[in-house]
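**Q** Here is my input; please provide its structure:
(chains A and B)
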Amino acid sequence: DAKTTQPTSMDCAEGRAANLPCNHSTISGNEYVYWYRQIHSQGPQYIIHGLKNNETNEMASLIITEDRKSSTLILPHATLRDTAVYYCIVRDLQGAQKLVFGQGTRLTINP
Amino acid sequence: GAVVSQHPSWVICKSGTSVKIECRSLDFQATTMFWYRQFPKQSLMLMATSNEGSKATYEQGVEKDKFLINHASLTLSTLTVTSAHPEDSSFYICSVLGPNTEAFFGQGTRLTVV
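**A** Here you go, the predicted model:
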């Protein structure tokens, strides 16, 4: 079962920062927070992941709260091509390392 | 460039026939691959974990005799949907576990059973 809760949908204006929240209140100490996105009819694309520190790469920033019970993915300057379903996934890197997807957030970037 | 190649990207087959989907790891050897299924407007559902040289591990509720997985080499895993029925029509996606625990996904295969 997915261990995360995300809003079903969000809208954001083009050029603005898109902030996508995720709750993972039952996360354990060994589990990482991963973000993927899926553009219609394609395979998911990796965005970013983190354990407890904030992370940034060329695509996005990941802010994890100190208690690790929630996180926020930030797309700093959203473009129309960022319209997709965004999945927040809690993943244990021990054992099977499988990715279990929840329902995700459908992000729509509006012109 | 693509890390995972999945083939075919779409296939139409007759009810009762079997369909094989291939997933290739292009950049590295992959001991572990995953197979997912996605119905319209739903999330990805993990079907099984494919382990090179051993039997696949199926998720609860997934029929192992219907969805045959073969991971005979470190770069190739196949999913065969046997005796396909219209309810098996779906988007099938494979994922390859990379050397740094990243998971790379194929572009998916849209199966339509008529």
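
**Q** tally of neighbours for the closest residue to chain B within chain A?
**A** Closest residue of chain A to chain B, CB to the nearest CB: residue A:43 (3.4 Å). (Glycine included, C-beta is placed from N, CA and C.) Other residues within reach of residue A:43, judged by other CB atoms under 10 Å in any protein chain shown, total 23.

**Q** what pairs with the closest residue to it other than its chain neighbours across the strands?
**A** Spatial nearest neighbour of residue A:43, chain neighbours left out: residue B:105 (3.4 Å); criterion: CB to CB, 6 or more residues apart in numbering or on different chains. Beta-bridge partners for residue B:105, by DSSP bridges, are residue B:95.

**Q** Give me the neighbour count for residue B:105.
**A** Counted with other CB under 10 Å, residue B:105 comes out at 24.

**Q** Next one: the residue of chain A closest to chain B, what pLDDT does it get?
**A** Note for residue A:43: predicted pLDDT of 94.

**Q** Give me the three-state assignment for it.
**A** Of the three states, residue A:43 takes coil under DSSP: H, G, I helix; E, B strand; the rest coil.

**Q** That one contacts residue B:108, doesn't it?
**A** Yes. Using CB atoms under 8 Å, residue A:43 is in contact with residue B:108, at 5.0 Å.

**Q** Show me where the chain has its strands.
**A** Since no chain was named, I'll use chain A. A:9-13, A:18-23, A:31-38, A:45-50, A:55-56, A:61-64, A:70-75, A:84-92, A:105-110 (DSSP state E).

**Q** nope, chain B please
**A** Under DSSP E, chain B gives strands at B:4-7, B:10-13, B:19-25, B:32-38, B:45-51, B:57-58, B:67-73, B:76-81, B:90-97, B:103-105, B:109-113.

**Q** Packing partners of the fifth one?
**A** Looking back up the chat, that one is strand B:45-51. strand B:32-38, strand B:57-58, strand B:67-73 (3 or more CB pairs under 8 Å, 6 or more residues apart in numbering or on different chains; DSSP states H and E).

**Q** what's the closest of the ones you listed to chain A?
**A** strand B:32-38 (6.0 Å).

**Q** that older thread, any chance of the strands of chain B in a markdown table, with mean pLDDT too?
**A** Shown next, in a markdown table, are the strands of chain B (pLDDT from 0 to 100):
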| stretch | mean pLDDT |
| --- | --- |
| strand B:4-7 | 96 |
| strand B:10-13 | 97 |
| strand B:19-25 | 97 |
| strand B:32-38 | 95 |
| strand B:45-51 | 94 |
| strand B:57-58 | 95 |
| strand B:67-73 | 92 |
| strand B:76-81 | 96 |
| strand B:90-97 | 95 |
| strand B:103-105 | 93 |
| strand B:109-113 | 97 |
